[in-house]
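>>> Have a look; sequence and predicted model below, questions after that.
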Amino acid sequence: MRPADHASALAAGGFAVKHTAELDRVRALPWRAPTTAEAEAWSDALTPIFTSGEGRLLPWQAYSIAECKACHGGWLALPVGTGKTLISYLLPTALEAERTLIIMKGASLVEKTHADFARLRRDGWRPPAQPIRVVTLEWLSTQKAHGYLDHYRPDLIVIDEADDLAATTNAAVRRLDRYVRARRQSGASLAVVAMTGTPIRKSLMGAWHLLCWCLDDGAPVPMAENEARMWSLALDDHDGRRPRLGPLGATVDDARESFRRRLAATPGVVIVDQDSCDAPLTVRVRLARECGETDARFDRFLVDGEDPGGIPVTDTLERYRLDGQIGLGLYSYWDPPPPDAWLEARRTFAKFCRGVIEASTSWSAPIDTEAQVVKRYRTHPAVTTWQAAKPLFDDAKHRRTAWFSRAGLDSALDWLRELDRPGVVWCGSVEYGRRLAREAGLAYYGRRGTTDDGASILQARPDRSFVASWQANKKGLNLQAWSRALVTMPPQSAKWLEQIVGRHHRQGQHSAVVVDVLATSGGSLDVFERAIREAQFARGMVTLTQKILRAEIVRAKPATTTSNAVRWARKGGA
């Protein structure tokens with residue numbers, strides 16, 4: 001439902017969940033209750049079919065493959081570390097696919113996946129009859145990938161970490177949606193399997209289209225987007241106006257419970273609510289060193305609404321980035337600042353692009369990217385003005401980093417000195433991570449999981465600590481050799497925190513895992529608590545308990561003074 005349609009529904013007084021034919025369809029779907037014993041039986045049955053080696057399918061790996069085979073698709077909510085790579089490798093054989101496409105986020109994961117597949121072949125697992133193609137979500141969103149799906153015509157699409165495709169405005173998501181709809185309407189065979197450890201993060205709509213792709217009319221959600229959005233408004237965790245629940249339940253809690261039971265019992269849906277690791281897990285909040293200069297910078301940022309360079313900041317993501325950076329003792333800025341004409345032209349062009357892409361419904365000539373907007377609307381004033389202004393300023397070339405305090409660096413160095421075993425410092429700021437690594441004499445693993453000289457994180461020595469970008473390395477890696485970790489500039493999402501923790505606390509880990517989260521401001525404490533609330537909402541909707549909710553959580557409360565009161569102020573409460 002587009003905003004205008006939503007407004008019309010409100011004006012018409014239709015702000016309620018209705019009893020519809022789609023609701024009846026969902027209620028009439030078969031119910032089944034998966035059990036561990038059933039999963040173990042599938043492991044016994046399928047293991048000899050898929051391997052001639054000594055390996056064995058884990059029970060829920062086998063059950064997932066069996067469900068995907070029976071339903072010709074599947075929506076798999078599997079905890080981090082439960083072996084999704086092997087499932088991906090065996091699905092083409094199980095579903096008798098001729099053209100398999102695996103989609104994942106990040107080029108480093110593509111390389112790792114190919115290496116993992118080669119290892120699985122060597123270990124005796126049955127290879128698929130046809131080669132598997134693996135592409136990145138980022139590439140599938142580019143102009144180069146326009147038309148790729150129609151050219152390759154995959155009959156099996158496997159989406160790894162499917163929550164990365166939650167935004168329906170993403171170009172790759174739009175292209176996949178058109179392909180799935182066209183393929184189904186033509187009657188051609190297509191199976192879609194979505195796998196993730198964080199299936200529903202903030203809204204039902206983040207998973208709605210994935211459920212529809214995977215299960216078609218077997219999906220336990222309305223197939224019509226406007227009706228699904230009404231369910232979402234009724235069930236989601238938000239502070240806005242909530243529609244009357246109608247047939248969904250008497251209270252929000254009742255409605256979520258009903259949805260959770262319906263989802264978990266739907267054929268083709270596999271939700272494994274168990275941890276992949278039995279080792280103890282502790283997540284502790286660790287307060288950064290106090291610093292008067294940092295307090296003063298936060299006063300300007302939080303009270304005056306300006307970055308340390310005096311530039312007003314209003315964008316939510318930019319405020320999160322600056323809060324984290326300032327807490328670590330640095331900030332990035334443009335030197336010189338861009339011309340006003342450049343900023344205004346960029347702002348106008350971005351707004352125009354968003355509008356065109358959101359309004360594009362053409363199947364014959366869809367628009368999903370800025371490059372397509374420029375090509376189609378090359379004479380539009382928003383495009384021509386931006387094209388003329390763009391050469392005036394190179395934003396990457398003029399980006400600078402300024403340091404004003406060592407407190408953030410010394411806080412991490414303190415942590416490293418206290419370790420009784422090697423650990424990993426996860427960094428949300430590249431500049432901070434690089435400098436920390438230099439001062440500590442450690443390797444820093446950035447983009448594609450490599451150092452500046454090309455050394456791979458996969459070859460990191462288990463007897464040495466190291467520093468890593470959590471944006472670049474939070475997925476797919478087995479880092480169980482390091483049972484201690486420090487997270488700096490903690491991520492906003494429970495999904496990302498789950499991934500970071502899951503690098504260490506995973507199947508095969510026997511040591512107690514301790515993850516420290518470095519808090520540098522009240523804002524960073526709020527970010528941590530929001531991640532916990534997000535995980536709690538996901539558990540309420542999907543019956544899947546993320547690691548942060550299984551962990552022993554140790555909070556810390558800063559001692560506030562007159563000078564640091566603004567810095568440690570909380571929006572989400574103490």
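Yep, it's here.
>>> Touching, Thr251 and Leu245? I think so.
Yes: applying Cβ atoms under 8 Å, one finds Thr251 in contact with Leu245, separated by 7.5 Å. The C-beta positions use only the backbone N, C-alpha and C, and glycine is treated the same way.
>>> of the two, who's got more company?
Legend: neighbour count by other Cβ atoms under 10 Å for Thr251 and Leu245, higher for Leu245 (18 against 10).
>>> For that one, give its distance to Met541.
15 Å (Cβ to Cβ, to the nearest Å).
>>> ditto for Ser483
31 Å.
>>> now Tyr89
Remark: distance between Tyr89 and Met541 (Cβ to Cβ) = 30 Å.
>>> and these two? which has more neighbours close in?
Tyr89 (25 against 22).
>>> quick one: the more buried one from His114, how far?
Tyr89 is 11 Å from His114, by Cβ to Cβ.
>>> does the residue nearest the centre of the chain sit in a helix, a strand or a coil?
What sits nearest the mean C-alpha location of the chain, by Cα atoms, centre = their mean, is Asp164, with 4.6 Å. Classification of Asp164 using DSSP: H, G, I helix; E, B strand; the rest coil returns helix.
>>> My guess is it contacts Leu137. True?
Yes: at 5.8 Å, Asp164 counts as touching Leu137 under the criterion of Cβ under 8 Å.
>>> Which residues are in contact with each of the two?
Contact with both Asp164 and Leu137 is made by residues Lys105, according to Cβ atoms under 8 Å, 6 or more residues apart in numbering.
>>> Show me the strands in the stretch 1-150 of the chain, by range?
Assigned by DSSP state E, counting those that start in this stretch, the strands in the stretch 1-150 of the chain fall at 74-77, 100-104, 132-136.
>>> Could you tell me how far the nearest residue to Gln546 once chain neighbours are set aside is located from Lys547?
Leaving out its chain neighbours, the residue that sits closest to Gln546 by Cβ to Cβ, 6 or more residues apart in numbering is Ala535, at 4.4 Å. Using Cβ to Cβ, one obtains 9 Å as the distance from Ala535 to Lys547.
>>> Can you pull the residues that touch both of the two?
Glu498.
>>> If you count surrounding residues, which of those two has more?
Higher neighbour count among Ala535 and Lys547: Lys547, with 28 against 24, using other Cβ under 10 Å.
>>> Count residues in the vicinity of the residue lying closest to that one once chain neighbours are set aside, would you?
In this structure, Lys547 finds its nearest non-sequential neighbour in Val501, 4.8 Å apart by Cβ to Cβ, 6+ apart. Under the neighbour criterion other Cβ under 10 Å, Val501 is assigned a count of 26.
>>> Can you show me the helices along the stretch 251-400 of the chain?
For the stretch 251-400 of the chain, applying DSSP state H, counting those that start in this stretch gives helices covering 252-264, 292-304, 316-328, 340-359, 370-376, 381-389.
>>> got the contact list for the second one?
By that I understand helix 292-304. Taking Cβ under 8 Å, 6+ apart as the rule, helix 292-304 contacts 306-308, 313, 322-323, 326-327, 329, 331, 404-405, 407-408, 520-521, 563-564, 566-567, 569.
>>> one more time with 7 Å, if that's ok
Helix 292-304 has contacts (Cβ atoms under 7 Å, 6 or more residues apart in numbering) with 306-308, 322, 326-327, 329, 404-405, 407, 521, 563-564, 566-567.
>>> so that helix versus helix 316-328, what angle?
160 degrees (axes from the mean of the first three to the mean of the last three Cα atoms, to 10 degrees).
>>> Which positions within helix 292-304 qualify as buried?
For helix 292-304, the neighbour count (16 or more other Cβ atoms under 10 Å) marks Thr294, Asp295, Ala296, Arg297, Phe298, Arg300, Phe301, Leu302 as buried.
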